[in-house]
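K.L.:
the following block contains a protein sequence and its predicted model.
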Amino acid sequence: DAVLLQLFLNLFDNSVFWLQQVSKKNKKIEITLDGNKGHMIFSDNGPGVNNDDKPYIFEPFYSGRGEDGRGLGLYIARQLLERSDYAIDLAELSADRILSGANFVVCFIPEEK
């Protein structure tokens, strides 16, 4: 599915970029799937998302922390997911935070309206 491919490309690109910014020996990206809840958690052990950046990370052209990127990856991922009634958000609950860096929850079950 093209939507999932684009989602993974953007999430991996972001994680790899931010993992290169830290000096850790064991850099990790972990994907956790929960079929019962219909969601996936994509996490890394990079620097995480700066608190000041959290409200804006899904906005177009917002890169945060002075990143040289175009700031479109998370915006595009969210837009594509929403077209399929899926959702992506920054994990705020400790139960959804797998590694110490950035953690994103992708929900594949449409919210009831």
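P.N.:
Thanks, I have it.

K.L.:
drop to CA atoms for contacts and neighbour counts, all remaining ones
P.N.:
Fine.

K.L.:
can you name the next helix or strand after the biggest helix by length in the chain?
P.N.:
Looking across the chain with DSSP state H, the single longest helix is helix 2-19. Sequence order places strand 29-34 as the next helix or strand after helix 2-19, per DSSP states H and E.

K.L.:
who are the packing partners of that following strand?
P.N.:
strand 39-44 (3 or more CA pairs under 8 Å, 6 or more residues apart in numbering; DSSP states H and E).

K.L.:
what's next to the strand it packs on, contact-wise?
P.N.:
Outside strand 39-44, the residues within contact range by CA atoms under 8 Å, 6 or more residues apart in numbering are 11, 15, 19, 27-34, 96-109.

K.L.:
mind listing what's buried in the next helix or strand after it?
P.N.:
Heading C-terminal from strand 39-44, the first helix or strand you meet, by DSSP H and E, is helix 73-83. Of all the residues in helix 73-83, those buried under the rule 16 or more other CA atoms under 10 Å are 73-81.

K.L.:
any idea of the mean pLDDT in helix 73-83?
P.N.:
Averaging pLDDT along helix 73-83 yields 92.

K.L.:
pLDDT averaged over whatever helix or strand comes next after that helix, what's the number?
P.N.:
Toward the C-terminal end, the helix or strand that comes next after helix 73-83 (DSSP H and E) is strand 87-90. Per-residue pLDDT values across strand 87-90 average out to 96.

K.L.:
which elements pack onto the helix or strand following strand 87-90?
P.N.:
Using DSSP H and E, the next helix or strand after strand 87-90 towards the C-terminus is strand 103-107. Contacts defined by 3+ CA pairs under 8 Å, 6+ apart place strand 103-107 against strand 39-44, strand 87-90.

K.L.:
now strand 103-107 against helix 73-83, angle please.
P.N.:
20 degrees (axes from the mean of the first three to the mean of the last three CA atoms, to 10 degrees).

K.L.:
now strand 103-107 and strand 29-34, what's the angle there?
P.N.:
Going by the same axes, to 10 degrees, strand 103-107 makes 30 degrees with strand 29-34.

K.L.:
for strand 103-107, what is the distance to the chain centroid?
P.N.:
The chain centre lies 6 Å from the centre of strand 103-107; the measure is CA atoms, centre = their mean, to the nearest Å.
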